[in-house]
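Chemist: Dropping a prediction and its sequence here:
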Amino acid sequence: MIVSIVVILGAFGYLLYGGIGENLVYFLTPAELLAKGTSAVDTPVRLGGMIEEGSVQWDAQKLDLRFRVTDGTKTVAVHSTGAPPSMFRPGIGVIVEGRYAKDGVFNATNLIVRHSNEYQPPKDGKLPKEMYEQLMKEGRS
């Protein structure tokens, strides 16, 4: 029984101090990321902020997306491959997961945009696509 308790406590101790630390992913703003300096390079991070107006460059042929994320004080350039989410546009909140590179560009592996949590079904005779287009024109997500 004592051996079982020691084994369980040892496994728990390993998970607590050894295994978890390597798998942590921190959530940072651009100012916090840049304040870390070289210690932030090549470390898994979730970067959160707003998509800066006028910064989005999308190449549909190469599936290459470049934009800047800002927290109002600092800005970080982001590079992502793959198609952006349908609600992706300047001025909305975004969380990008990935790694900050030595060249000052955040290489994203996952992209998540903020959207409204209010569900509104389309009005009678109106297609969901038409409703979505109307929301986009109004600047709502």
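Modeler: Done, it's in.

Chemist: drop to CA atoms for contacts and neighbour counts, all remaining ones
Modeler: Will do.

Chemist: Determine the longest helix present in the protein.
Modeler: In the chain, taking DSSP state H as the definition, the longest helix is helix 2-14.

Chemist: so for the helix or strand just after that helix, what's the average pLDDT?
Modeler: Secondary structure here is assigned by DSSP states H and E; on that basis, the next helix or strand after helix 2-14 toward the C-terminus is strand 26-28. Summarised as a single mean, pLDDT over strand 26-28 is 87.

Chemist: Would you give the sheet partners of strand 26-28, along with the direction of each?
Modeler: Using DSSP bridges, the neighbouring strands of strand 26-28 in the sheet come out as strand 44-51 (parallel).

Chemist: what's downstream of the partner strand, the next helix or strand?
Modeler: Past strand 44-51, further along toward the C-terminus, the next helix or strand under DSSP H and E is strand 57-59.

Chemist: Give me the sheet partners of that following strand and which way each runs.
Modeler: The sheet places strand 57-59 alongside strand 64-70 (antiparallel), with pairing taken from DSSP bridges.

Chemist: For the strand it pairs with, buried residues please.
Modeler: Buried residues in strand 64-70, counted by 16 or more other Cα atoms under 10 Å: 65-70.
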